[in-house]
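this one's structure only:
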């Protein structure tokens, strides 16, 4: 019994200490014309090579390409950055030390650390979406019900049985989801109020992190709750947002003008994505952030302790 508790405590500590990003390298295709020696032609990347989504985990990052293939980089101590080959994927979610993705047939495939069953998805049901947390994973089934697996010491893997959900987000010791009526429901650890969403407003999306949670309301404003010791829950009041992603101690969102705005901890530059380019999406990890630009290239900023911000050639830009 004591051994089991010690293992779970160790797992929890690792989950609270997610680590992740570095510098992006620009790859250019160069054509030298005979009469115009030295003239450069920047060729657009092949459509299949472009990223459609990116997800930042603890110390690793994964990107989904337009052809449904996966590319991951960064920390790979438990195989979390070594995706399986074969069938294509529709979405991907990087957790603490594991990664899960949704295949085109609705089945979930996970890889990486599986000490608590977080990378062992159920084989029977089909899913609409999947979200990998610190040491647990949750997904929305085709019938709108949420199914979770992995660590459940705080009830983070025990969703309510009644309501149907549009989406779900697995944090460290808690989980939140948007119900079909637009209300947010949360379960699991609530030490800092991270599982106590505000009453009243309806939400488009929600993102659960370590000790705080953020969501985009119907009016496109971001509302956060939970720990705010570093400003991670102090969302800007003015701008409207397309999406929001909560990291360990920082939060980032894509504004309506497709610029990325971040707040909270910036000790490693994780809240400093470039202000110039326009982005399709952004994902806040432990101590790094990555985003997909409109041209399908990936930009990352923040800690690069395990190479999690070293975007591979062909995707960087």
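Perfect, thanks for sending it. This one's a predicted model, so the numbers in the text were calculated from it and none came from an experiment.

do you know the pLDDT at residue 285?
Here the pLDDT value assigned to residue 285 is 98.

okay but it is in contact with residue 247, surely?
Yes: Residue 285 is in contact with residue 247 according to Cβ atoms under 8 Å; the separation is 5.5 Å. Where you see a C-beta, it was placed from the backbone N, CA and C, and this is true even at glycine.

so residue 69 makes contact with residue 87?
No: the criterion here is Cβ under 8 Å, and residue 69 misses it with residue 87 at 9.8 Å.

helices of the chain, start to end?
2-16 (DSSP state H).

okay, now the unreliable bits of it?
Along the chain, segments meeting pLDDT under 70 span 1-48.

who's the residue nearest the centre of it bridged to?
Nearest to the geometric centre of the chain sits residue 55, at 4.1 Å (Cα atoms, centre = their mean). Bridge pairing for residue 55 (DSSP bridges) gives the partners residue 62.

the more surrounded of residue 69 and residue 87?
More neighbours surround residue 69 than the other of residue 69 and residue 87, with 16 against 12 (other Cβ atoms under 10 Å).

what's the nearest residue to residue 260 if we skip its chain neighbours?
residue 273 (4.5 Å; Cβ to Cβ, 6 or more residues apart in numbering).

list the contacts of the one you found.
Shown in contact with residue 273 (Cβ atoms under 8 Å, 6 or more residues apart in numbering): 252, 260, 262, 279, 282, 289, 291, 299, 301.

now it: how far from residue 132?
22 Å (Cβ to Cβ, to the nearest Å).

surely residue 154 is in contact with residue 174?
Yes: counting by Cβ under 8 Å, residue 174 is a contact partner of residue 154 at 6.9 Å.

what's the overlap in contacts for those two?
Common neighbours of residue 154 and residue 174 (Cβ under 8 Å, 6+ apart) are 188-189.

which of these two has more residues huddled nearby?
Ranked by neighbour count (other Cβ under 10 Å), residue 154 and residue 174 place residue 174 first, with 30 against 19.

list the contacts for that one?
Per Cβ under 8 Å, 6+ apart, neighbours of residue 174: 154, 156, 186-190, 194-195, 208, 213.

and the strands in the stretch 1-150 of the chain?
Along the stretch 1-150 of the chain, counting by DSSP state E, counting those that start in this stretch, strands occupy 51-56, 60-65, 70-74, 89-94, 98-103, 108-112, 127-132, 136-141, 146-150.

please apply the same query to the stretch 151-300 of the chain.
So, for the stretch 151-300 of the chain - with DSSP E, counting those that start in this stretch - the strands run 165-170, 174-179, 184-188, 203-208, 212-217, 222-226, 241-246, 250-255, 260-264, 279-284, 288-293, 298-302.
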